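Colleague: Build me a structure from this.
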Amino acid sequence: MKINIVSLLLVLILLFNFPMNKSASDQLLADSGKIDLTNSPPNELIPLNGEWTFYWNQLLFPDEIQQHRPTTIIPLPKLWSNFVYEGGKAFPKQGYGTFLLTLNIHEQEVGKQKAIYMPTFLTAYKLYIDGKQMGKMGEVGISKETMKPKFSPQVITFIPKSKEVSILIQTSNFYHIKSGVQKEILYGDAELVIAFKEKAVAKNGFLFAIFILISLYHFLFYLNRKHEIRSLTFALFSFVIAVRILVIDQILLIKIFPDFNWTLEMKIEYLTVFFGFWLFIIFLKTLYPKESIAYIYRFSLLLTSGFSLLVIFTPPIVFVRLLKPFGFVSFLLIIYFLYVMFIAMIRKREGARISFFTGLFFYMTIVNDMLHYNGFIQSIDLVPIGFFIFLFSQFLLLSQEYAKSFNEADQLNTLLQELNAKLEDRVEYHKESLEQSMHETAVALTDKFILEERTRLIGEIHDTVGHTLTTIIIQIEAGKRLIHTNPTIAKEKLDMSQEQIRKGLNEIRNSLRLLNDRDQGSIEYLFSLRTLIYDTEKSTGVTIKSDIKLTKSLSAKHQVVLYRALQEGLTNGIRHGNSNFFSFHLNHSDDWITFRLEDNGEGVAEIKYGLGLSMMKERVEDLNGELYIQSEKGKGFNIEIFLPFE
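Modeller: All right, here's what the predicted structure looks like:
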């Protein structure tokens, strides 16, 4: 969907009837305090522009006006604080005075209901028509203490009793740096004036409702997606613009709350400018992060924060003076905004072209309002309209983005359905393959388990038979040497050999039972270390110095590993190393069990892992332990084992 920017602007301008329709009688101007409306076209609003007589420092009533001479003539609409008279003489910004204008109307208008649209007077006024008070705003006074500031446009109806209508306005200002009126005072049939007022109120009410709804929508969107800072800043910015609509032009806030504090109203009005810029700076950063300039971004936030704080903590007479210096600041900020959006457009960011041109129009409305409120030009408040156009373009871009996302979602959904159908076929195929693989795996695991059991059994039998036979061989050799010289001791040796054979057979039977009994903790003798040491010393005549310090219970697996390691170490030391002395230490820390066996045997130059040492290493590694073996020729054999607790 392509967007015609020019058409968009034209449609929205027509929607708000912008600019306000001017009367064909714009050329009618008051001259020296009088305006001739006898030839003015009917059914039109007539601006009472031109020269009004002005009485400075005088609050005159209708019956007193003829007794005083006017100070000067001031063309309205105009701020008297900007008016120079009598050779460069200017009125002060604060003070009071009286305006007077006489209307000459057509005879047919006499007796018909007429009305005057009174715009905002700074900062209080009292209106008299044909000598009768018809309306007021605030309290007029001759000092700050005697007056009460308040401003809001209003319609005052009356019925002319003659062809000459006198309009007298008393006004005073001691709270603002501007005095007088900036917008046109309108005259016409009561229905026309009331319709003009209602149309302006309706427009502002419509804009306020739109901005509030937009703000609420984006805020709710942010609550569901907290990382979307862009939505939050956009929601807050829309809310600030909505609040600004309440305090400018028709000042709807006073319509809703007639007694609303004037100072607070002024603070809100000026905060919507400074804080609004602050929010827009952040919004632009979230919109085009790569195009934003970091140091300008930080400095502009700091600057607008300073202006906002001054509004909060100073009285109106102080912070209203900030508008002119901020006009220069806003001009520089607008240049920066346009630069960022222009670079984004050059880089062809999504929606950057539309954002640039609608943003340009919006910035032009900001400049218009800044010049208008500083008294440099006569205009109307255009920021709400400019921002609405900019906001509307963002909605169109967002709609495009949503439509694109929905199309992509539909395509992905179709693709997922196709993939799902293919996946079901693949699942069925792989299911059959998996069943076959599981069967093959089960067979392989069974074979592996049988192999592991056989290996474990071989190790058990090797350790048991090897140690038993080594002991028997030593006993038989001793018996052979003593059978002729000392038959009694020889018989004891043979008896001990017989006993060792019985023990060996028992251990072999236990090892065979391991094939069917997987609870190794049921083999009570596996940790009978002291018995093993005693029997070995008694049977072989070697000396074994032991230091066993265990206070923690060990699992059956740990007992097996430690028992078999000691058994294998003693057997190897006696059989291969001809050792006659062993030093054995077994203790533990919080996390580790430490096993150390040293002998005084012949030692080896190169350590070779036979069946016994290989089984020892495998058992230790199965428990995530570590095995260290050291030996040198003629320096004995050293075995160290470190096992972690389970």
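
Colleague: Contacts for stretch 305-319 next, please.
Modeller: 175-177, 263, 266-267, 270-271, 274-275, 278, 322, 326, 329 (C-beta atoms under 8 Å, 6 or more residues apart in numbering). All C-beta spots, glycine's among them, are computed from the backbone N, C-alpha and C.

Colleague: same thing but 7 Å
Modeller: Applying C-beta atoms under 7 Å, 6 or more residues apart in numbering, the contact partners of stretch 305-319 are 175-177, 263, 266-267, 270-271, 274-275, 278, 322, 326.

Colleague: hey, C-alpha coordinates of it in PDB?
Modeller: Output in PDB follows, covering the C-alpha atoms of stretch 305-319 (Å, rounded to 0.1, in the frame of the first residue of the first chain):
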ATOM      1  CA  SER A 305      15.200  18.700  31.300                       C
ATOM      2  CA  GLY A 306      16.600  22.000  32.600                       C
ATOM      3  CA  PHE A 307      13.800  24.000  31.000                       C
ATOM      4  CA  SER A 308      11.200  21.600  32.400                       C
ATOM      5  CA  LEU A 309      12.600  21.900  35.900                       C
ATOM      6  CA  LEU A 310      12.500  25.700  35.700                       C
ATOM      7  CA  VAL A 311       8.800  25.600  34.900                       C
ATOM      8  CA  ILE A 312       8.200  23.400  37.900                       C
ATOM      9  CA  PHE A 313      10.100  25.400  40.400                       C
ATOM     10  CA  THR A 314       9.600  29.000  39.300                       C
ATOM     11  CA  PRO A 315       6.500  31.300  39.200                       C
ATOM     12  CA  PRO A 316       4.900  32.200  35.800                       C
ATOM     13  CA  ILE A 317       6.500  35.700  35.700                       C
ATOM     14  CA  VAL A 318       9.900  33.800  35.500                       C
ATOM     15  CA  PHE A 319       9.300  30.700  33.300                       C
END
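
Colleague: among the contacts of stretch 305-319, which ones are buried?
Modeller: The neighbour-count criterion (16 or more other C-beta atoms under 10 Å) marks 175-177, 266-267, 270-271, 274-275, 278, 322, 326 among the contacts of stretch 305-319 as buried.

Colleague: can you name the two of these that are farthest apart?
Modeller: Tyr175 and Trp278 (25.9 Å; C-beta to C-beta).

Colleague: that older thread, among the buried ones among the contacts of stretch 305-319, which lie within helices?
Modeller: Of the positions in the buried ones among the contacts of stretch 305-319, 266-267, 270-271, 274-275, 278, 326 sit in helices, assigned by DSSP state H.

Colleague: Return the closest of the residues you listed with respect to Leu623.
Modeller: Of those, the one sitting nearest to Leu623 (C-beta to C-beta) turns out to be Trp278, at 67.5 Å.

Colleague: distance of that closest one from His576?
Modeller: Trp278 sits 89 Å away from His576, going by C-beta to C-beta, to the nearest Å.

Colleague: on that earlier part again, farthest pair within the contacts of stretch 305-319?
Modeller: Tyr175 and Trp278 (25.9 Å).

Colleague: Who are the packing partners of the one helix or strand Val165 maps to?
Modeller: Assigned by DSSP states H and E, Val165 belongs to strand 164-173. Counting contacts by 3 or more C-beta pairs under 7 Å, 6 or more residues apart in numbering; DSSP states H and E, strand 164-173 is packed against strand 95-104, strand 124-129.
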